[in-house]
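[1] With the sequence up front, the predicted model follows.
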Protein chains: 2
Amino acid sequence: MNKISAVKAFAGEQIQYEHQSDTLNCTMKFSVFLPPQAQQHRVPAVYWLSGLTCTDDNFSTKAGAQRVAAELGIALIIPDTSPRGEDVPDDPDGAYDFGKGAGFYVNATQAPWSRHYQMYDYIVTELRELVERELPLSGERSISGHSMGGHGALVMALRNPGLYRSVSAFAPICHPTESPWGRKAFSGYLGDDKAARTDYDATLLIKERQAAPPLLVDQGTADNFLAEQLGTDALKQACIAAGIDAQVRMQEGYDHSYYFIASFIGEHLRFHAKHLSYFGKK
Amino acid sequence: MNKISAVKAFAGEQIQYEHQSDTLNCTMKFSVFLPPQAQQHRVPAVYWLSGLTCTDDNFSTKAGAQRVAAELGIALIIPDTSPRGEDVPDDPDGAYDFGKGAGFYVNATQAPWSRHYQMYDYIVTELRELVERELPLSGERSISGHSMGGHGALVMALRNPGLYRSVSAFAPICHPTESPWGRKAFSGYLGDDKAARTDYDATLLIKERQAAPPLLVDQGTADNFLAEQLGTDALKQACIAAGIDAQVRMQEGYDHSYYFIASFIGEHLRFHAKHLSYFGKK
């Protein structure tokens, strides 16, 4: 992987890398924040998955997460939201909710998407192995995300017990098989395969598995997408029915924007830090 | 003034307004952060002046200032950096450092700029009177800014004793009459008038007046513009010669970006809070 840029922030380093992804068959960029503690010893990481239309840049510049990550000694790993490049097919109508910027963190099975749109494997395996080999990371990790990325974070944590110590999300698409965004994406990337769809729906995964890692969700009540797209209550009810002690918090008056994320990202990182045992040890 | 948008952030409100400016002869946008305390009583304000190419959006979305402003009970007033609109003349070559996005916080005297480019009066008088009339502000104020905006903040505070309780700046253009950016802007907006140029040069103002309000400057040592454009040492020497107890801090390894601003904006707001007497009173 090649370093594109590195900027000092909160006594740590905000870095953008580029690498050739074998999983996605294209060149990918991603960003990393290394806290100052990483100059002394390996540190745990929180992966951040962004939402529709985003790249690695949005969270890096707008969430203000580096301040608390620097304080806690946690690295931030911030991937892009889809495969990229001229060879990668995009939505024929240029829609914002399918194709580039909208990989939905699934492994596509349908042509022409399946050659590149393998974001699930990319995040869970390829990128993780790459950064844990090349960067001063301890191998302890948690995962978080926003909207489409909140969906991705929940699904990855639920499907891989032990891989992530904890999971959190801001305004996640909790029940994509019942969401217009999710249905469109799953139809395109996965076709009619009902089992595959179930495997990418956090609410259905909780019903099926009756288990989850430590889980925190924040959802704004003034979020324009809440009623139609997000299915927060379905996730909450599934957790209650399964006896899972998840925190699903409705935040009065907050919307779907990065101002909402910035307002609560500190609490999310402190939540993850409690589950990342390297924290405070060295 | 009309509210364009309002978003909840850190229990306060991030708002964008639009209004017709009589000083600038055009329609202007600006942003405001009202801390939660403003729902109960009037609050002091910190004005933020942005740098070249910026609008009110950059500081609003990238600096992470709302968190500490909400904690301290300080409003943030965030103007645009130049007059705007189709009627407003721009640099004929589309340069980033003159014309729109580059008003340099002066009152232009030269045609065709003088009709609209009156940013000094706009910030010091028109916008201040407008927001203090329309918003729950106590009338106690400080001022800060970045690069071109750091220059603006220093000049406004130095020329108006008592108007701003304190002033701070990130990587300000400290000595614009000796900076290529400043010389180009002053030639265009002010022509050959040497006295006018002196009145917009913080280093020369300190030499002339031998006084300053409480003053804090942070400057990154890895800032690409430091050697050629910023004149930090000239400002520091002028303060020392005048016996002014300014803090001019060199921050090792930081660059000119918003990552630098985000890293230290909390300290700047706490510095201003010490000089804003409403803080903590009600």
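    Structure received.

[2] ok, the residue in the stretch 1-150 of chain A that chain B sits nearest to - contacts?
    Residue nearest to chain B within the stretch 1-150 of chain A (C-beta to the nearest C-beta): A:Gly64, separated by 3.4 Å. Heads up, the C-betas are built off the backbone N, CA and C, glycines and all. If you count contacts by C-beta atoms under 8 Å, 6 or more residues apart in numbering or on different chains, A:Gly64 has them with A:Ala262, A:Ile265, B:Gly64, B:Arg67, B:Ala262.

[3] Relative to the whole chain's centre, how far out is the helix or strand harbouring A:Lys274?
    Under the assignment given by DSSP states H and E, the secondary-structure element containing A:Lys274 is helix A:258-275. Averaged C-alpha coordinates place helix A:258-275 at 13 Å from its chain's average position (C-alpha atoms, centre = their mean, to the nearest Å).

[4] which parts of it are buried?
    Burial within helix A:258-275, assessed by neighbour count using 16 or more other C-beta atoms under 10 Å in any protein chain shown, is assigned to A:258-266, A:268-269, A:271-273, A:275.

[5] hey, C-alpha coordinates of it in CSV?
    Extracted C-alpha coordinates of helix A:258-275, given in CSV (Å, rounded to 0.1, in the frame of the first residue of the first chain):
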residue,chain,number,x,y,z
TYR,A,258,-22.5,14.4,10.2
TYR,A,259,-23.5,17.0,12.8
PHE,A,260,-25.4,14.2,14.5
ILE,A,261,-22.4,11.8,14.2
ALA,A,262,-20.0,14.5,15.5
SER,A,263,-22.3,15.0,18.5
PHE,A,264,-22.1,11.4,19.7
ILE,A,265,-19.0,9.9,18.1
GLY,A,266,-17.1,10.4,21.4
GLU,A,267,-19.6,8.3,23.3
HIS,A,268,-19.3,5.6,20.6
LEU,A,269,-15.5,5.4,20.8
ARG,A,270,-15.6,5.3,24.6
PHE,A,271,-18.2,2.5,24.3
HIS,A,272,-15.8,0.5,22.0
ALA,A,273,-12.8,1.3,24.2
LYS,A,274,-14.4,-0.5,27.1
HIS,A,275,-14.4,-3.7,25.0
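
[6] And it, what does it pack against?
    Where contact means 3 or more C-beta pairs under 8 Å, 6 or more residues apart in numbering or on different chains; DSSP states H and E, helix A:258-275 is packed against helix A:56-62, helix A:66-72, strand A:137-146, strand A:167-170, strand A:215-220, strand A:247-251, strand B:2-9, helix B:66-72.

[7] what about those, which gets the closest to B:Phe186?
    Smallest distance to B:Phe186 across those (C-beta to C-beta): 31.7 Å, for helix A:56-62.

[8] give me the low-pLDDT residue ranges for chain A?
    For chain A, the stretches with pLDDT under 70 are A:278-282.

[9] how about the residues of it near chain B?
    Residues of chain A found near chain B (C-beta under 8 Å from any C-beta of the partner chain) are A:7-11, A:14, A:61-62, A:64, A:66-67, A:220, A:222, A:253-255, A:257-260, A:262-263, A:266.

[10] 10 Å - rerun?
    With C-beta under 10 Å from any C-beta of the partner chain as the criterion, chain A comes near chain B at residues A:5-14, A:33, A:58, A:60-67, A:70, A:220-222, A:251-266.

[11] Would you list the buried entries among those residues?
    Buried residues within these, counting neighbours by 16+ other C-beta under 10 Å: A:7-14, A:33, A:58, A:60-67, A:70, A:220, A:251, A:254-266.

[12] A:Gln20 - how many residues pack around it?
    Applying the criterion other C-beta atoms under 10 Å in any protein chain shown, we find 11 residues in the vicinity of A:Gln20.

[13] whoops, A:Gln118 was the one
    Other residues near A:Gln118 come to 25 when the count uses other C-beta under 10 Å.

[14] How about the one 3 residues further on?
    Applying other C-beta under 10 Å, we find 16 residues neighbouring A:Asp121.

[15] Strands of the stretch 1-150 of chain A, residue ranges please.
    For the stretch 1-150 of chain A, the strands defined by DSSP state E, counting those that start in this stretch cover A:2-9, A:12-21, A:26-34, A:43-49, A:75-79, A:137-146.

[16] So which of these is the most surrounded?
    A comparison of the strands of the stretch 1-150 of chain A by mean neighbour count, using mean count of other C-beta atoms under 10 Å in any protein chain shown, puts strand A:43-49 on top with a mean of 28.

[17] got a list of what the closest residue to A:Gln16 other than its chain neighbours touches?
    On the basis of C-beta to C-beta, 6 or more residues apart in numbering or on different chains, the spatially nearest residue to A:Gln16 that is not a chain neighbour turns out to be A:Ile4, at 4.4 Å. The neighbours of A:Ile4, taking C-beta atoms under 10 Å, 6 or more residues apart in numbering or on different chains as the test, are A:Ile15, A:Gln16, A:Tyr17, A:Glu18, A:Lys29, A:Phe30, A:Ser31.

[18] And those, which is closest to A:Leu190?
    Sorting the contacts of A:Ile4 by how near they are to A:Leu190, with C-beta to C-beta, puts A:Phe30 at the top with 24.5 Å.

[19] Run a quick neighbour tally on A:Gly85.
    Under the criterion other C-beta under 10 Å, the count of neighbours that A:Gly85 has is 12.

[20] ignore the last one, A:Phe186
    Burial measure for A:Phe186: 24 neighbouring residues, criterion other C-beta under 10 Å.

[21] Just confirm it contacts A:His175, I think it does.
    No - applying C-beta atoms under 10 Å as the test, A:Phe186 and A:His175 come out as separate, 11.8 Å apart.

[22] list the residues that contact both of the two?
    Common neighbours of A:Phe186 and A:His175 (criterion: C-beta under 10 Å, 6+ apart): A:Asp201.

[23] Assess the claim that A:Phe271 and A:Leu215 are in contact.
    Yes - here A:Phe271 lies in contact with A:Leu215, judged by C-beta under 10 Å, at a distance of 9.5 Å.

[24] Pull up the overlap in contacts between those two.
    A:Ser166, A:Val167, A:Ser168, A:Gln247.

[25] Tell me which residues touch the third one, please.
    I take that to be A:Ser168. By C-beta under 10 Å, 6+ apart, the contact list for A:Ser168 reads A:46, A:48, A:142-145, A:150, A:153-154, A:157, A:214-218, A:247, A:264-265, A:267-269, A:271-272.

[26] so which residue of the stretch 101-250 of chain A comes closest to chain B?
    Each residue of the stretch 101-250 of chain A has a distance to chain B, by C-beta to the nearest C-beta, and the smallest belongs to A:Ala222, at 6.8 Å.

[27] out of everything not next to it in sequence, what's closest to A:Leu216?
    A:Ser168 (4.1 Å).

[28] ok so, going back, now, among the buried residues of helix A:258-275, which is nearest to chain B?
    Checking those against chain B by C-beta to the nearest C-beta gives A:Tyr259 as the nearest, at 3.9 Å.

[29] Identify the bridge partners of the residue nearest to that closest one when sequence neighbours are not counted.
    Computed as C-beta to C-beta, 6+ apart, the closest residue to A:Tyr259 that is not its neighbour in sequence is B:Ala9, at 3.9 Å. For B:Ala9, the residues forming beta bridges with it (DSSP bridges) are B:Gly12.

[30] looking at it, B:Ala9 is touching A:Tyr254, isn't it?
    Yes - shown here, B:Ala9 and A:Tyr254 form a contact pair, counting by C-beta under 10 Å, at 8.2 Å.

[31] Good, wrapping up.
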